[in-house]
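Q: Provide a 3D model corresponding to the input given below.
(chains A and B)
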Amino acid sequence: MKREVPIIVTTVAGIFMILEYFHNIPGLANGAKELQNWAILVAAFALALAAINLAARHLRNITARHQNAVHSGLLLASMFATVIAGIFFGTDARAFVFIFDNIITPCGSAFYAMACFHLASAAYRAFRAQSGQAAALLITGIIVMLGRAPIGDLIHPYLPKMATWLMQVPNLAGMRAIMISSAIGMIGVSLRIITGIDRTHLGMGQE
Amino acid sequence: MDVLMKLGDIDKRVLYVLLVLVLLIPMVRPIGIRISISHWTTKAYEQLSRLEPGDTVICDFGYNVDGAPDVEPIAKAIFRDLFDRNIKIITVSLNAQGPMIAEKLLLPYEESGKVYGTDFCNLGFMAGGETALAAYARDLKRTFPRDWRGNTTSTLPILQGITGAPDTKAWIFFTDSSAEAWVRQVGDLDVPMIGAVITVAAPQAEPFVHSGQLSGLLTGLRSAAEYEIVTNRPGGAVAAMDAQSLGHILITIFIVFGNISYFVKRSKELAGREGVQ
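A: Numbers count the residues shown, from 1 in each chain, chains lettered A, B, ... in the order given. Below you'll find the predicted structure:
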């Protein structure tokens, strides 16, 4: 029963959702909405569980005087400060908004901005035309980079057109191939899960 | 020859300082490089320009603050355009930071007289990824019984007569990742969908505009600048484009320097080997 019940639940839920998506059968839509709401509840619990797990993990680091205990302490302090501000004072409270506007937002923007410097440095040091393929990547990269910036028009009127062509013909063809093949792969995986052949999501391995 | 070889060994700190300068100077003294309007932006603008005053659109915030510098200018340009035309906005979010980001963008309009619950509302974040998206695209009030500010959603005037996406005039999503989740979960509903994605996600999103699954696509700061221009409301994104142009030029120059140095070194090595033989 320990094996069969989860497989039956997966199969029934999977078939139910497929039927609801592809066929307009009366009554199925409400059932599907209910199932989606259950999934949302499970996801919300998973978030809470993840937060508890994270706190426990970093508390262990602190009590065991791990070499990164200071980092763990910092993480827990900021985590609890945010949680307390949000839960006890509300998400529109000055403390919660302060944390978001003056800590989370500038830190996030700074990380993104730093990527620009790392990318520039990496492109300078590693972007070499060492082979035919590398040269093709280098040339197309430069055409797209310049062609998609307003300066491209000034350098040569054909540069933006070449960049657009590269994006809309070779890139599009490649992306479509990747998307279609991954979608077919996903159908295969879904069918294996629904039919109970693949049980890795239940921690059981394959038949 | 030595000078050419040294072009590949410039200290990265020199590159960083130059990059800071070429990004900062145009912000202080704009050059005013002309910005052409791309086909995708025109398509998105045409779709949104069909909206009438009083129409309702859903804006889905799916980006984090670290993606904000590239995506947020698009959200700002669209909000300004839609609010100026008295179009109502419902914000939802697949992302935990989304409601705070939306709230920050909506605040100036609330201060200038737009009424919460009537002209706009912020429904907040829903956990569950694509499942949550599928649920709220079909039934907003059932998925969000309360909004971000704690109001019961069934009492909000803006949501009267609206069950899900098909009851609105457009669905605009802002994301710093792939557009696939929206195409999969909202694509089959009868609502025009416009994607606003981070620049690096553009190659993944473009096939969906070609296939007609997206009615328009805006990609990063460049599209934000283009949208500001087509709506005759130049703002921060237009000002930042000069910096982006010069930044791209500098990086290209350094890549060329690196390659010149590489080829000079290689030819010297080859000449050395031939000399030994």
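Q: CA atoms for contacts and neighbours, from now on please.
A: Noted.
Q: sec struct for residue B:161, please.
A: Of the three states, residue B:161 takes coil under DSSP: H, G, I helix; E, B strand; the rest coil.
Q: hmm, I typed the wrong one, I wanted residue B:123.
A: Of the three states, residue B:123 takes strand under three-state DSSP.
Q: now it. Nearest residue, chain neighbours left out?
A: residue B:147 (4.1 Å; Cα to Cα, 6 or more residues apart in numbering or on different chains).
Q: so how far is the longest helix seen in chain A off the chain centroid?
A: Looking across chain A with DSSP state H, the single longest helix is helix A:28-63. Using Cα atoms, centre = their mean, to the nearest Å, the mean C-alpha position of helix A:28-63 is found 16 Å from that of the whole chain.
Q: residue 184 sits in which helix or strand?
A: Assuming you mean chain A. helix A:172-194 (DSSP states H and E).
Q: try chain B instead
A: Per DSSP H and E, residue B:184 falls inside helix B:180-186.
Q: tell me the buried residues in that helix?
A: Buried residues in helix B:180-186, counted by 16 or more other Cα atoms under 10 Å in any protein chain shown: B:182-183, B:185-186.
Q: the longest helix of chain A near chain B anywhere?
A: Yes: using Cα under 8 Å from any Cα of the partner chain, we find that helix A:28-63 touches chain B at A:33, A:36-37, A:39-44, A:47.
Q: what's near enough to touch the residue nearest to residue B:123?
A: Counting by Cα atoms under 8 Å, 6 or more residues apart in numbering or on different chains, residue B:147 makes contact with B:121-124, B:153.
Q: how about a cut-off of 10 Å?
A: Residue B:147 makes contact with B:91-92, B:99, B:117, B:121-125, B:141, B:153-154, B:156, according to Cα atoms under 10 Å, 6 or more residues apart in numbering or on different chains.
Q: domain parsing for the chain?
A: No chain was given, so I picked chain A. Using automatic domain parsing, the domain ranges for chain A come out as A:1-89, A:90-126, A:128-207.
Q: chain B, not that one
A: Domain assignment for chain B, taken from automatic domain parsing, gives B:2-30+B:241-276, B:39-234.
Q: nearest residue to the residue of chain A found nearest chain B in space, please, no chain neighbours.
A: Here the residue of chain A nearest chain B is residue A:108; by Cα to the nearest Cα that distance is 4.0 Å. Leaving aside its sequence neighbours, residue A:108 sits nearest to residue B:66 (Cα to Cα, 6+ apart; 4.0 Å).
Q: doesn't residue B:98 make contact with that neighbour?
A: No: Residue B:66 is beyond contact range of residue B:98, at 11.8 Å (criterion: Cα atoms under 10 Å).
Q: who's more crowded, those two?
A: Set residue B:66 next to residue B:98 and count neighbours by other Cα atoms under 10 Å in any protein chain shown: residue B:98 wins out with 25 against 19.
Q: quick one, what contacts residue 148?
A: Picking chain A for this. By Cα under 10 Å, 6+ apart, the contact list for residue A:148 reads A:142, A:159-164, B:36, B:38, B:222, B:245, B:248.
Q: ah, no, chain B please
A: Residue B:148 touches A:91-92, B:91-92, B:99-100, B:103, B:121-125, counting by Cα under 10 Å, 6+ apart.
Q: so the residue of chain A closest to chain B is in which element?
A: Assessed by DSSP H and E, residue A:108 sits inside helix A:105-126.
Q: now the angle from the very next helix or strand once past that helix to helix A:105-126?
A: Per DSSP H and E, the first helix or strand lying C-terminal to helix A:105-126 is helix A:132-147. Using axes from the mean of the first three to the mean of the last three Cα atoms, to 10 degrees, the direction of helix A:132-147 lies 130 degrees away from that of helix A:105-126.
Q: how about the domains of chain A in a markdown table, adding mean pLDDT?
A: Converted to a markdown table, the domains of chain A look like this (pLDDT from 0 to 100):
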| stretch | mean pLDDT |
| --- | --- |
| domain A:1-89 | 89 |
| domain A:90-126 | 88 |
| domain A:128-207 | 89 |
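Q: so what's the closest residue to chain A within the stretch 51-200 of chain B scoring on pLDDT?
A: Taking Cα to the nearest Cα, chain A has its nearest neighbour within the stretch 51-200 of chain B at residue B:66, 4.0 Å off. In the predicted model, residue B:66 carries a pLDDT score of 88.
Q: now the element after the longest helix of chain A, going C-ward?
A: Next along the chain after helix A:28-63, taking DSSP H and E as the criterion, comes helix A:69-89.
Q: neighbouring contacts of that next one?
A: Applying Cα under 10 Å, 6+ apart, the set of residues contacting helix A:69-89 is A:51, A:54-63, A:66, A:90-100.
Q: mind checking which of those residues are buried?
A: Among the contacts of helix A:69-89, the ones that count as buried by 16+ other Cα under 10 Å are A:54-55, A:58-59, A:61-62, A:90-91, A:95-97, A:99-100.
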